[in-house]
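# quick one: sequence and predicted model below, then my questions.
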Amino acid sequence: MIDDSRLSRRALLAALGSVGTASVAGCSFTQRERDGETTAAGESLARELAERFAPTLYFDAAESWFPTDPRPYASEQDGETVVDGFDALDGYHERYDPATKPPNPTVFYNAVEYENSPLAVVQFWLYSAFDQFTTNFHWHDWEALHVFVDTDTGEPQLFVASSHSRKVPNNEFLDPDPETVPRLLAELGSHSSALSINDQFDAFQRLPSPDLLADITNSAITSFQDISELPLAYGLPRDERARLPYLVPAYEGAPIYEHERLPNVDRESLLPPSLTIRSFDSLSSPPGDLPARATGIIFRHGGQADGNTGSEGDETASEHAYDLVPTSEIENIVDFTGPQLSYEFAVPEYAEDGVASHITTTGAPWGQPRYENPAADITDPNHRSALADRYDAIGGAAPINTVVSRVTEAVTTDDAPEDEGLTTQETNVEAVALIESDPEAIPTFRGVVVARDVATGEHRLTVNGAGRAPHSERIAVGEGATSTPTTADETDGETTTARDATVSPESPAMTTQSTAAGTDTTAGETSPADETARQTPGERITVGGVDGEIPLVARENARKLEVNADGTDAELTDLAVADDFAGRLYESPLAGSDAVYVHRGGAYTTEVRDADGAIGAFRVNPGPDDDSRLRIERPDTGKTSLAEFLVSITAETQEELQNLVDDDAESVTDGGGRANALRGLLTALSAILEAAKRAAENARNGDRAGTDQQLQAVEQALGRVAEEIEAASGDVPDPLQNAARNRVEEAGQRAVQAQRLTKL
């Protein structure tokens, strides 16, 4: 079935291909043009910049771990100074009384100057004793804010606030007002920092409004229709339409607050129960009652002038001063240690394997490349290009691989017969994604998955959400992308273009757009003021899901559809699942057996493709009360498979229409024309069913000519059936009419497809 209202894969690839990439495959941020060397700024300049740009910090009312000084928790191990995770977490809570000032509020700073350049950077480093972010919790937490400043003019050039990981774009603002003091909105638990540049001080503004600037100037991928205006930066889920539940961290199978080395840590020390769940799979459906973000505590540098707070909503927040300390005073700490914490990230493979990710500490800032070279933390290619145009010390942006998709929710639709058709809708609960090669959980923002700087090659993309069944697919990133299934009408029996949206390195650069307020964000149009900010380096986009969409299913409605390839005579390469109404919901390269979670209220066509381009199709209609195993055994490809599919889908439709006659015999046997039309429809379906059965039998017997003859008869008869459906519309409820039309269209495409195949 083709739904023209949705962005088709062909249209998406055409859009991506039309703007192209100018890339060397596999390049990453680490392979960009070389940046200049830096030296430590003089003490006077460093202090001057630190005091001028010392950020105001806004924390959630439910936050447990505020910026502090790690030195009280340091110890000597093997002659070196370290901070142990147990010592820091327990010591912090021993000192912390929520009714008073948090212990030792501190922000550390470091300043460097690029050699032979007026560009300097002051970095602010915030240490927290623990990070409790959904599936990514760990001992210790360091967050950073970089302020790039031109020392000749004194004007700031770029703010870069750290996000969750290198895979998630940071929050960045190019050319801030010189009078602006940075404000950081810390995400609850994780302390990921969103910028606040606006007059709305304690709320994140992703997009500009008539009265407010956007708080970030990160670019968007203009070629991806569904997110073409969405800046690629991680924000604050509880500040933006959606919710994100948290988990209670455990160590060695028990909640950490039960550990003997944490006598001062109890359940109340962690994030509150109203925001936490036991595990993603402990819920039958996504949570719907998570509270929104509210500012609880504001921190400001003690010497900073008043007047930088006071926005609406701040009245109930308490305010504290923090100490501003150079990192040189704590560089004697060589490491921040702690035992590994892990979580299971379910993958719906055939054998129900899991991917375990072990989360360790973030390490000392002074051991990270961005400490000496802050430009290493610029994640928006436009921003790097802008600075590279202004300063020789900054190398040009390199092309990178980016995986993009959006997560939605699969639900039943009233347009279909009860529990026989789906639609997808926006989700109001965020999910987390995992790319197999790099075990870092990537949180969605407004339902969007963006994974930057992904290595060229084959990967598995898995998406989980609280109360949802997991989704997992194989993706090819960069050069050498393998083909993925196409819709039934797009194939002629030959392998077609991959879902990976890549083009040759000779193509022009892919278009991204600036989202700064006051700029024209039309792709391809620039004004002199923002021309340098819009120079876009190559970016290779891989679109996950189907047409960039990954629908998840609530666990209470999920059924696992297994595809058992054991004994199959063909080398299967691809798997796809489509619903009669929602269209294609899943497609992925296939390696042996696999499994997909589907909604029990859908009616599905499952398709496989083999290495020779031959296709097989199988009908799956689970029924809401049918808990029998959904399993496709030996999914072979060729004319036989497609003919047998025609038998299944025709018999299914015929049976439902016959049940309508049996259930309401009086209304359809009154001698009227409509009753005759319904009987005519049933008769036509019977003829198709018999022709499809003969086609399947001929194919099994090796009779190619006889098979194609019967398939041609099916194709022709299906065209007449479409007319019969319209004639019988008065006796057929609208949902069943819709289902019959969709199935006839699907059957017609498969009949044509089967005739084109050479494999029996």
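The structure has been received and is ready for your questions. Residues are numbered from 1 along each chain as shown.
# please count neighbours and contacts with C-alpha atoms only from this point.
Fine.
# could I get the contacting residues of the spatially most central residue of the chain?
Computing the C-alpha centroid of the chain and ranking residues by CA atoms, centre = their mean puts residue 449 first, at 1.9 Å. Applying CA atoms under 8 Å, 6 or more residues apart in numbering, we find residue 449 in contact with 403, 404, 405, 406, 407, 433, 442, 443.
# work out for me the element it sits within.
strand 448-452 (DSSP states H and E).
# check the offset of whichever helix or strand comes after that strand from the chain's centre.
Scanning forward in sequence from strand 448-452 by DSSP H and E, the next helix or strand is strand 457-464. Counting by CA atoms, centre = their mean, to the nearest Å, strand 457-464 is centred 11 Å from the centre of its parent chain.
# narrow the contacts of residue 449 to those in strands?
In strands, defined here by DSSP state E, the members of those are 403, 404, 405, 406, 407, 433, 442, 443.
# and the residues you listed, which is closest to residue 75?
Closest approach to residue 75 among these (CA to CA): residue 442, at 33.2 Å.
# and the closest residue to that closest one other than its chain neighbours, how far from residue 240?
Spatial nearest neighbour of residue 442, chain neighbours left out: residue 433 (4.9 Å); criterion: CA to CA, 6 or more residues apart in numbering. According to CA to CA, to the nearest Å, residue 433 and residue 240 sit 19 Å apart.
# ditto for residue 739
37 Å.
# looking at these two, which one has more neighbours?
Higher neighbour count among residue 739 and residue 240: residue 739, with 20 against 17, using other CA atoms under 10 Å.
# my guess is the more buried one contacts residue 416. True?
Yes. If you go by CA atoms under 8 Å, residue 739 and residue 416 touch, sitting 6.2 Å apart.
# point out where the stretch 651-760 of the chain drops to low pLDDT.
Flagging of the stretch 651-760 of the chain using pLDDT under 70 yields the residue ranges 662-675.
# try 80
The stretch 651-760 of the chain contains residues with pLDDT under 80 at 660-677.
# which of the ones in strands among the contacts of residue 449 lies closest to residue 291?
Set against residue 291, the nearest of the ones in strands among the contacts of residue 449 by CA to CA is residue 443 (18.2 Å).
# contacting residues around the residue nearest to that closest one when sequence neighbours are not counted?
Leaving aside its sequence neighbours, residue 443 sits nearest to residue 432 (CA to CA, 6+ apart; 4.3 Å). Counting by CA under 8 Å, 6+ apart, residue 432 makes contact with 441, 442, 443, 444, 463, 464, 465.
# how does it look with 6 Å?
441, 442, 443, 444, 463, 464 (CA atoms under 6 Å, 6 or more residues apart in numbering).
# most neighbours of all those residues, which one?
The contacts of residue 432, ranked by neighbours (other CA under 10 Å): first place residue 443, 30 neighbours.
# ok, that one to residue 725 distance?
46 Å.
# before we move on, what about residue 711?
21 Å.
# these two: which is more packed in?
Neighbour count, other CA under 10 Å: between residue 711 and residue 725, residue 711 has more, with 30 against 22.
# using PDB, write out every CA atom in the helix or strand hosting that one.
Residue 711 belongs to helix 704-727 when assigned by DSSP H and E. Below are the C-alpha coordinates for helix 704-727, written out as PDB (Å, rounded to 0.1, in the frame of the first residue of the first chain):
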ATOM      1  CA  ARG A 704       7.100 -21.200 -14.900                       C
ATOM      2  CA  ALA A 705       4.700 -20.500 -17.800                       C
ATOM      3  CA  GLY A 706       1.700 -21.800 -16.000                       C
ATOM      4  CA  THR A 707       2.600 -19.800 -12.900                       C
ATOM      5  CA  ASP A 708       2.900 -16.500 -14.800                       C
ATOM      6  CA  GLN A 709      -0.300 -17.200 -16.600                       C
ATOM      7  CA  GLN A 710      -2.200 -17.600 -13.400                       C
ATOM      8  CA  LEU A 711      -0.500 -14.600 -11.800                       C
ATOM      9  CA  GLN A 712      -1.600 -12.500 -14.800                       C
ATOM     10  CA  ALA A 713      -5.100 -13.700 -14.300                       C
ATOM     11  CA  VAL A 714      -4.900 -12.700 -10.600                       C
ATOM     12  CA  GLU A 715      -3.600  -9.200 -11.600                       C
ATOM     13  CA  GLN A 716      -6.400  -8.600 -14.100                       C
ATOM     14  CA  ALA A 717      -9.100  -9.900 -11.700                       C
ATOM     15  CA  LEU A 718      -7.800  -7.700  -8.900                       C
ATOM     16  CA  GLY A 719      -8.500  -4.600 -11.100                       C
ATOM     17  CA  ARG A 720     -12.100  -5.700 -11.400                       C
ATOM     18  CA  VAL A 721     -12.400  -6.400  -7.700                       C
ATOM     19  CA  ALA A 722     -11.600  -2.800  -7.000                       C
ATOM     20  CA  GLU A 723     -14.800  -1.900  -8.900                       C
ATOM     21  CA  GLU A 724     -16.800  -4.500  -7.100                       C
ATOM     22  CA  ILE A 725     -15.700  -3.000  -3.700                       C
ATOM     23  CA  GLU A 726     -17.100   0.400  -4.700                       C
ATOM     24  CA  ALA A 727     -20.300  -1.200  -5.900                       C
END
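# output the below-cut-off pLDDT ranges for the stretch 401-550 of the chain.
Using pLDDT under 80, the stretch 401-550 of the chain drops low at 436-441, 479-539.
# next up, the contacts around residue 412.
Residues in contact with residue 412 (CA under 6 Å, 6+ apart) are 421, 422, 423.
# ramachandran coordinates for the nearest residue to the last one once chain neighbours are set aside?
Distance criterion CA to CA, 6+ apart; nearest residue to residue 423, sequence neighbours excluded, is residue 582 at 4.7 Å. Dihedral angles of residue 582 (phi, psi; degrees, to the nearest 10) stand at phi -80, psi -10.
# residue 582 contacts residue 422, doesn't it?
Yes. Counting by CA atoms under 6 Å, residue 582 does reach residue 422; the two are 5.2 Å apart.
# more crowded one of the two?
Using other CA under 10 Å, the more surrounded residue of residue 582 and residue 422 is residue 422, with 28 against 22.
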